[in-house]
Each structure stands twice: as C-alpha cells, then as structure tokens.
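Engineer: here is a sequence with its predicted model. Questions after.
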Amino acid sequence: MSQHALLSVGAKAWRSIPCLRSELRLDLTLGCGQTFRWRETGKDHWTGVMGERVWTLTQTEDTLWYHVYSHQGSPGLVNGQKRKAGLGPQCSGKRLKGMKDVKEEDDELDLDTVSSEQEEKLLRDYFQLSVKLVDLYKEWSSADQHFNQTGNIFTGVRMLRQDPVECLFSFICSSNNHISRIQGMVERLCSTLGMPLCTLDDTHYHDFPSVQALADSKVEACLRDLGFGYRARFLQQSANLIMSSHGPDWLHNLRSVPYLQAREALRTLPGVGLKVADCVCLMSLDKSEAVPVDTHVWQIAKRDYSCAAGNGQKTLTDKVYNEIGDFFRKLWGPYAGWAHSVLFCADLKKFQNLKEVAIKEEKEEKIGKTKKTSSKKKKMIKKEEEGGE
C-alpha cells in the first residue's frame, strides 16, 4: 500500500521551488480556513488535492518541496475511461457505471506521468507566487501600525487561487459552521460525488465533484443523509441553476469581470450571501480587493481600528458589511483582501501560540538588554572607583 511521502525518507522523489518562508508559510496559509482539503500527514507535511492530483507539500527556510502521487489513467480519466458525473456508492448503493476501484499501488510511485513543468506551473498558480508578499507586508505595515505588529508574527500568509467550483461549494457548506466541521463536510462531499484519485495509508483521496454531479436531482436527499442539513438544498439548487442558466464554465468566466459584478452574480445563487460571495471572489476569482466580513472581522474592525461602522447594532447588515469592507480597502489598498486574511489568521485560536512565543521572546530580549546595561554600568562604576584611588 502506498504511504504519505516524507522528505526525510526519500528526497529524490520530491521536486522543489525556491520560496522563502516569509513569502509562504504552509501551516498558516493552508490552515487558516480558506481551503478545507489539506491535512498535516507528517510533521510540517501537508497532503491535499489540487488540480486533479494528490500532493504532499513541505518547506525549509528557502524552499517549497512537493511530491505528486500518480493514479491510474490521466487527469480527467478514471481507469482510462472518461470521468462520469453522478452519485457515488454512498447514495446509490452501487458504483457509477464505468467507475472501478482505483488500484492501490505497491510499487514506487511514478512521478514522470505528469511533466514537472506542468506541476510547477500548477503550484505557482495555486499559491500565486508571482505576487511578492514581502513587499505587500511592507506597504500594509507602513500604512497600518496594528498590521505592523501582527504582520511581524504572522508572516507568509498568502491567498490561494483555488478552483472556483471547489471554492464556491465549500463555502456554501461554511454557513453557521466552524473550520473542522466544514472540513468533514467537504470530505464527505468529495468521497460521495468525486472521482477516486489514490489511497495513502488507508486514506482515500477524491477529486472535488463537478457542477454537473452536484446538480443531480438526487443530491439533496443524499447530502441530507450525510448530515448537511439545509445546506444540501443550497448546494444542489446552486449547481442546478448554474447548469440550467449559465453552463459549467460560468464560474471560471467570472474571473474576467469586475469585482462588484462578479459578487452580484454569485449572490443570485441559493445560499450565497455577501460573505460567501466575497470569499469566492477573493480566493478563486482574482478579486484581491474583496474583504469577507463576518462577526470576527467586525470585532477586529471595532476592537483594533475603532471602526464606527455598525456601532450600537447587534446584527451585521449589508450596509455595515459594505462600510467595513470599504474601510479596509481604503486603508490597505488593492490587496486589502490579502491583508484582511493575515489579521483573520492571527485571530484564530489555533494560532494563538505564535503570539505567546513572540511575547515571550520579546520579554527575554528586554531582560537581556537590561542585564547588559546593568553590567555595563557596574563596570563603569568600578573603573571610576579604581581611577579615584
């Protein structure tokens, strides 16, 4: 059975891209709630699905390392046959016609099945490595004292350029939910409706389902049985509306229209409000100025920036939502959504240890400076006393 790759076990099976940790931190970028398909499968090793492939990523101070697992057939094929959309075995009681179990590979994985050039291109695009994050941090820090303090601790938080289909339907699942539960729902969605890619250490990896698969009339009942609740209806109805009114390429085509136009187009879908629409715009449609606002971001705006939007109100109205977004866009500029995500990441409980470590190091540095100053003064006093004798 194939296992999750570790860089320390066989570096020859890995490829790499020069990338400073200040430009990308995998733990923060993949764990801050913008994607739900990556898991830490070894210390500082992250495994997930992207571009119809299963990847394991890790990094050193100046290098991003990646391992791509092979699967039978080529991208877009299962066992050499064209992929078919439809309900998986959990819903239908039987496998799709033409879908066979993906054979678990016992032999060494063949990384040459997909060109290294194409893999690197996919990875650079996914992490948007052409955007110089360090330069953006400098701009935001010069304009914003609070960001300057936070950004020094939470470096390398980068926005992903996700597949719009995966991004939209993942965030429809996010309604009144937390990150770990969303991850579970997305995995059930993929294992039920997505095509199998490979199996590693008894973990089965599947591609994200297509819009066509999600639009099937039986999907709602299937997902309700899997614990999706009211979100099941939104998922199926949104997919059906896209297919019946726009076509399967509609979401990708929204990358080429202005931000507000794309956001309003997304809001015509069932279960898509301002926040979900902005998440999709920012994380998959190249709208770097989109600032998703939820109650946490609202609290950040009031607590750390004395933003007056919505003072005295208990609910986040559309008016307040837009005022907060405009406030941050004015402060941070065209990449406001990226800056917002750094602060959102810094506010997550799972990363509070980074703040604690930074505070501890700062205290130790101050104590060290105090001791050094005290020692210097004692030497000067002793020298003066000796000179006076």
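Structural biologist: That came through fine. Treat the numbers as computed from the prediction; the structure is a model and nothing was measured.
Engineer: so residue 4 is in contact with residue 199, correct?
Structural biologist: No - applying CB atoms under 8 Å, one finds residue 4 not in contact with residue 199, separated by 10.7 Å. C-beta: built from backbone N, CA, C; applies to glycine.
Engineer: which residue ranges of the protein form strands?
Structural biologist: Counting by DSSP state E, residue ranges of the strands within the chain are 15-18, 39-42, 45-50, 53-59, 63-69, 77-78, 81-82, 196-200, 203-206.
Engineer: mind putting the ones you listed in JSON lines, mean pLDDT included?
Structural biologist: As requested, the strands of the chain are exported to JSON lines (pLDDT from 0 to 100):
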{"stretch": "strand 15-18", "mean pLDDT": "96"}
{"stretch": "strand 39-42", "mean pLDDT": "96"}
{"stretch": "strand 45-50", "mean pLDDT": "98"}
{"stretch": "strand 53-59", "mean pLDDT": "97"}
{"stretch": "strand 63-69", "mean pLDDT": "97"}
{"stretch": "strand 77-78", "mean pLDDT": "38"}
{"stretch": "strand 81-82", "mean pLDDT": "40"}
{"stretch": "strand 196-200", "mean pLDDT": "95"}
{"stretch": "strand 203-206", "mean pLDDT": "96"}
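Engineer: out of the ones you listed, which comes closest to residue 262?
Structural biologist: Taking CB to CB, strand 45-50 is the member of those nearest to residue 262, at 22.1 Å.
Engineer: which elements pack onto that closest one?
Structural biologist: Counting contacts by 3 or more CB pairs under 8 Å, 6 or more residues apart in numbering; DSSP states H and E, strand 45-50 is packed against helix 26-31, strand 39-42, strand 53-59, strand 203-206.
Engineer: which one of the ones you listed is the most hemmed in?
Structural biologist: Taking mean count of other CB atoms under 10 Å as the contact definition, the stretch among those with the greatest mean neighbour count is strand 53-59, which reaches a mean of 23.
Engineer: just how off-centre is that one within its chain?
Structural biologist: For strand 53-59, the distance between its averaged C-alpha position and the chain's averaged C-alpha position is 14 Å (CA atoms, centre = their mean, to the nearest Å).
Engineer: what residues does it touch?
Structural biologist: With contact meaning CB atoms under 8 Å, 6 or more residues apart in numbering, strand 53-59 is reached by 4-5, 7, 19, 21, 24-26, 30, 41-42, 44-49, 64-69, 71, 75, 114, 119, 122-123, 197-198, 200, 205.
Engineer: just the buried ones from these?
Structural biologist: In terms of neighbour count (16 or more other CB atoms under 10 Å), the buried residues within the contacts of strand 53-59 are 4-5, 7, 19, 24-26, 30, 41-42, 45-49, 64-69, 71, 114, 119, 122-123, 197-198, 200, 205.
Engineer: and the residue nearest to residue 169 when sequence neighbours are not counted, what does it touch?
Structural biologist: In space, not counting the residues next to it along the chain, residue 169 is nearest to residue 235; the distance is 5.9 Å by CB to CB, 6 or more residues apart in numbering. With contact taken as CB under 8 Å, 6+ apart, residue 235 is in contact with 169, 172-173, 189, 214, 219-220, 223, 228, 271.
Engineer: most neighbours of all those residues, which one?
Structural biologist: Within the contacts of residue 235, neighbour counts (other CB atoms under 10 Å) peak at residue 189, which reaches 29 neighbours.
Engineer: confidence score at that residue?
Structural biologist: Residue 189 carries a pLDDT value of 97.
Engineer: quick check: closest non-adjacent residue to it.
Structural biologist: Nearest non-adjacent residue to residue 189 (CB to CB, 6+ apart): residue 209, at 6.6 Å.
Engineer: is that neighbour in contact with residue 190, as I believe?
Structural biologist: Yes - the pair formed by residue 209 and residue 190 meets the contact definition of CB under 8 Å, at 6.7 Å.
Engineer: which residues touch residue 25?
Structural biologist: Under the criterion of CB under 8 Å, 6+ apart, the neighbours of residue 25 are 59, 155-158.
Engineer: ok, residue 293 next?
Structural biologist: By CB under 8 Å, 6+ apart, the residues touching residue 293 are 274-275, 278, 301, 316, 321, 324-325.
Engineer: residue 264: which of these is nearest?
Structural biologist: residue 274 (10.0 Å).
Engineer: could you report the neighbour count for the nearest residue to the closest one once chain neighbours are set aside?
Structural biologist: Counting by CB to CB, 6+ apart, the nearest residue to residue 274 once its immediate chain neighbours are dropped is residue 321, at 5.2 Å. With neighbours defined by other CB under 10 Å, the count for residue 321 comes to 22.
Engineer: now swap in residue 62 and tell me
Structural biologist: Here the number of neighbours of residue 62 (other CB under 10 Å) works out to 12.
Engineer: also residue 355?
Structural biologist: Residue 355 is flanked by 13 other residues according to other CB under 10 Å.
Engineer: against residue 55, how distant is it?
Structural biologist: 30 Å (CB to CB, to the nearest Å).
Engineer: repeat for residue 332
Structural biologist: As defined by CB to CB, residue 332 lies at a distance of 31 Å from residue 55.
Engineer: and residue 115, by the same measure?
Structural biologist: Distance of residue 115 to residue 55, computed by CB to CB: 15 Å.
Engineer: so for residue 209 and residue 190, which sits in the more crowded spot?
Structural biologist: Between residue 209 and residue 190, counting by other CB under 10 Å, residue 209 is the more crowded of the two (27 against 24).
Engineer: would you state the helices of the stretch 101-250 of the chain in chain order?
Structural biologist: In the stretch 101-250 of the chain, helices defined by DSSP state H, counting those that start in this stretch lie at 116-126, 133-143, 145-153, 164-172, 179-193, 211-214, 219-225, 231-245, 250-253, listed in chain order.
Engineer: mind checking which of those is nearest residue 292?
Structural biologist: helix 164-172 (9.0 Å).
Engineer: which strands or helices does the closest one pack on?
Structural biologist: helix 179-193, helix 231-245, helix 250-253, helix 274-284.
Engineer: let's go with 6 Å and repeat that
Structural biologist: Other elements packing on helix 164-172 under the criterion 3 or more CB pairs under 6 Å, 6 or more residues apart in numbering; DSSP states H and E are helix 231-245, helix 250-253, helix 274-284.
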